[in-house]
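1. got a predicted structure plus its sequence, pasted below:
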Amino acid sequence: MLKTTTNGYIALKDRFGWTKPIEKMTEVERLRLKKRQLKIQIKEQEV
């Protein structure tokens, strides 16, 4: 939650610690990222 507020959503990393440019992501990866972003936004609104 804190990562997104300080570094933006690009700071979200996969489980290996790597970030992947959005241009190189597959459709599935982009949708997963969007899902994670929306979940984080909901949690931030609850707080």
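-> Received, thanks.
2. just the buried positions in the longest helix along the chain, please.
-> Criterion DSSP state H: the longest helix present in the chain is helix 27-46. By 16 or more other CB atoms under 10 Å, the buried positions in helix 27-46 come out as 33, 40. Heads up, the C-betas are built off the backbone N, CA and C, glycines and all.
3. tell me which helix or strand of the protein sits lowest on mean pLDDT?
-> In the chain, the helix or strand scored least confidently by mean pLDDT, DSSP states H and E is helix 2-7, which has a mean of 56.
4. just the pLDDT at Lys13, thanks.
-> On pLDDT, Lys13 comes in at 62.
5. let me redo that: Glu23
-> In this model, Glu23 carries a pLDDT of 84.
6. now it: how far from Gln41?
-> Separation of Glu23 from Gln41 (CB to CB, to the nearest Å) stands at 23 Å.
7. how about Val28?
-> From Val28 to Gln41 the distance is 21 Å (CB to CB).
8. Pro21 too?
-> Counting by CB to CB, the gap from Pro21 to Gln41 is 22 Å.
9. same thing with Lys20?
-> 21 Å.
10. check Lys34 too.
-> From Lys34 to Gln41 the distance is 11 Å (CB to CB).
11. now swap in Met25 and tell me
-> 19 Å.
12. same thing with Arg30?
-> Relative to Gln41, and taking CB to CB, Arg30 is found at 16 Å.
13. now swap in Thr19 and tell me
-> 19 Å.
14. again, but for Val47
-> 11 Å.
15. try Glu27
-> 21 Å.
16. could you look up the SS state of Thr19?
-> coil (DSSP: H, G, I helix; E, B strand; the rest coil).
17. and it, how many neighbours?
-> 10 (other CB atoms under 10 Å).
18. could you do the one 5 residues further on as well?
-> By the criterion of other CB under 10 Å, Lys24 has 7 neighbours.
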